[in-house]
Every structure is written in structure tokens, then in C-alpha cells.
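*Asks:* I would like the atomic coordinates for the input below:
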Amino acid sequence: MRFLALAASCLLALALAGCGSDDEGSSPGGTTTQPPAQTTDPPAQTSTEEEEHAEPIVISVYFLRDGKVGITRRNAILGAKVGTAAVEQLLAGPTSTDRAAGLTSAIPVGTRLERLSIDAGTATADFSRELSPGAAAQVVYTLTQFPTVRRVSVDGAAPLGRADLEDLTPAILVEVPAPGYSVSSPVLITGTANTFEATFQVEILDAGGRVVGKRFVTATSGSGTRGTFQAKVPFRVGEKGPGKLVVYELSAEDGSRLHEVEIPLELAP
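*Replies:* I've put the predicted structure just below:
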């Protein structure tokens with residue numbers, strides 16, 4: 001799976017920019033090996049046409065969880081233009097697995113993508129219906145996963161990048177693993193965080209709710225500045241079965257849990 005995930009990421013980058021890397025994940029079925037999601041803009045590349053991709057790839061799609069962006073994964077359609085394919089998957093809405101992870105969409109049902117172009121690092125996306133700020137954030141996050149896209153203009157609005165959407169980004173954004181992944185120990189987690197002193201807690205729970213793995217994680221920055229994180233969390237289970245990854249920040253005032261997020265997974269010994 002590690003090899004397939006890396007191959008999928010490389011193919012995606014080749015399809016859009018000729019070379020490069022992004023924050024793609026592997027498809028469900030194994031521990032993932034991606035680097036942390038980028039927090040700085042990738043180099044601008046000029047492209048007014050999307051290139052078609054003729055191989056199966058895995059793309060990121062961003063919905064909302066409690067009003068903040070959250071990630072899931074989709075298989076791209078063979079032969080599709082990958083940017084358009086990603087947006088079409090976004091417009092299709094969350095699956096039952098996504099909904100079980102608390103993901104919803106602010107994009108109105110029946111909304112269509114009318115135009116998508118990429119030029120000098122800026123994507124322009126026009127839709128058949130007006131999108132709310134939350135819905136526009138879903139589009140921006142989904143398209144900026146690609147190395148040729150730094151910012152996105154939605155329906156003629158001023159272009160936005162991820163750094164412009166801090167109010168719509170959770171304190172702890174787990175990019176890998178995505179909901180429904182099958183993982184073995186140690187599970188690699190990556191993403192971005194903006195927590196007090198850049199620290200937060202990670203727990204792995206089995207089907208009975210028992211903590212079978214736990215780790216304290218420190219991001220590259222915090223306390224008002226978003227940083228990246230990458231950590232391996234060991235856990236122990238006797239057999240394959242459902243479980244979940246839980247991330248949260250401990251309150252400095254009373255020790256209560258803040259910004260808690262649960263991601264359903266399949267745990268393998």
C-alpha cells in the first residue's frame with residue numbers, strides 16, 4: 001500500500017504539473033506514508049488547460065465537520081481531468097462513511113460546475129449556484145491540493161488560499177488517515193494544527209471504546225500560527241475490527257478536552 005500511495009501521488013502531480021508532489025493519501029487498506037500537508041504556497045505554474053489523466057488515482061475531497069473543513073478520499077475517474085474530477089466528487093456530497101465521521105457539505109444539492117481553469121497558480125471555478133463561505137472553503141481546499149494551484153477564485157470572488165481560511169480550518173486538521181482507512185500499527189498521522197504551544201493528544205480506540213494506543217504530538221508551530229505535524233502512533237489489537245482515531249487539545253485552564261475530532265478506522269493487528 002505504501003508503494004501504491006506514493007505512485008498515486010506521483011501520477012497526480014505528473015498529470016497536473018509534469019512533476020512535483022502533493023499531500024495525497026493512499027486508498028483505504030494500509031498505513032499511509034505521506035508527508036505533512038503543506039502550509040506554504042507551492043511555486044506558481046502556468047496552465048490554462050487541465051491535462052487528462054488516464055490512470056486510477058486517489059484524490060482528496062474536503063467537506064465540513066462542525067463548520068470546519070475535514071478531509072476524505074476518492075478514487076478519480078479514469079481519463080478525467082483531475083481538477084474537474086475532484087470538484088465533481090465534492091459536488092456529489094459525502095458518503096455514508098463520511099457522514100459517520102461527522103462530515104457534511106455546505107454546497108447545495110444539484111450545484112453544477114460550469115467552468116474550471118488554471119492560470120499562473122490561480123484556479124477559477126464558476127458554479128451554477130452561489131456558494132456560502134463554508135462551501136467556497138471546501139472548493140479552495142479541494143483544488144489547492146494540486147501543485148499547480150496556489151489560490152482559487154470562486155464565482156468571480158477574490159482568489160483565496162488555505163492561509164486565508166484559518167477561521168474555517170479546525171485547530172487540528174488530520175489529513176492522513178482519512179475516514180474508513182484500514183491501518184496497522186504504528187499508524188502514521190499527518191496534517192496541520194494551530195493549538196496552544198503547538199501540542200495535542202492522539203488516541204486510538206478499539207470497537208469497545210478502550211484506548212489501545214496513545215501519543216502526545218507537537219506540531220512545528222502553534223499559539224496562533226498553523227504548523228504541520230507527522231507522527232507514528234503504535235497501538236495493539238488482537239484482531240481486525242472497527243476503531244477510531246481521536247485527536248484533541250487539553251485545556252491549560254482545567255484539563256478538559258478542546259477541539260476534539262473522531263475519525264472512524266479499521267484497525268488491523
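*Asks:* Just give me the longest strand of this protein.
*Replies:* Ranked by number of residues, the top strand in the chain under DSSP state E is strand 257-268.
*Asks:* and this structure, what are its domains?
*Replies:* Under automatic domain parsing, the residue ranges defining each domain of the chain are 41-165, 172-268.
*Asks:* Buried residues, the longest strand of the chain. List them.
*Replies:* Under the neighbour-count criterion of 16 or more other C-beta atoms under 10 Å, strand 257-268 has 259, 260, 261, 262, 263, 264, 265, 266, 267, 268 buried. Using the backbone N, CA and C atoms, a C-beta is placed for each residue, glycine as well.
*Asks:* Show me the contact partners of that strand.
*Replies:* 28, 65, 70, 97, 100-102, 170-172, 174, 177-184, 187, 195, 200, 204, 206, 212, 235, 237, 240-251 (C-beta atoms under 8 Å, 6 or more residues apart in numbering).
*Asks:* name the element residue 89 belongs to?
*Replies:* helix 82-92 (DSSP states H and E).
*Asks:* Secondary structure element for residue 62, which one?
*Replies:* With DSSP H and E as criterion, residue 62 is part of strand 58-65.
*Asks:* make that residue 225, sorry
*Replies:* Judged by DSSP H and E, residue 225 forms part of no helix or strand.
*Asks:* So it sits against residue 195, correct?
*Replies:* No. Counting by C-beta atoms under 8 Å, residue 225 stays clear of residue 195, with 10.5 Å between them.
*Asks:* more crowded one of these two?
*Replies:* residue 195 (26 against 12; other C-beta atoms under 10 Å).
*Asks:* Could you list which residues are in contact with that one?
*Replies:* 171, 172, 219, 222, 223, 249, 259.
*Asks:* returning to what we had before: just the mean pLDDT for the longest strand of the chain, thanks.
*Replies:* Average pLDDT, strand 257-268: 97.
*Asks:* just stretch 218-226 next, same as before
*Replies:* Mean per-residue pLDDT for stretch 218-226: 96.
*Asks:* That stretch: how far from the chain's middle?
*Replies:* Centre-to-centre, stretch 218-226 and its host chain are 18 Å apart (C-alpha atoms, centre = their mean, to the nearest Å).
*Asks:* on that earlier part again, in a markdown table, list the buried residues of strand 257-268 along with distance to residue 191.
*Replies:* Rendered in a markdown table, the data for these read as follows (distance: C-beta to C-beta, whole Å):
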| residue | distance to residue 191 |
| --- | --- |
| 259 | 12 |
| 260 | 15 |
| 261 | 10 |
| 262 | 14 |
| 263 | 11 |
| 264 | 16 |
| 265 | 15 |
| 266 | 19 |
| 267 | 19 |
| 268 | 22 |
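*Asks:* of those residues, closest to residue 86?
*Replies:* residue 263 (20.5 Å; C-beta to C-beta).
*Asks:* Distance of the closest residue to the closest one other than its chain neighbours relative to residue 119?
*Replies:* Nearest non-adjacent residue to residue 263, counting by C-beta to C-beta, 6 or more residues apart in numbering: residue 245, 4.5 Å away. Using C-beta to C-beta, to the nearest Å, residue 245 is found at 38 Å from residue 119.
*Asks:* Sounds good, over and out.
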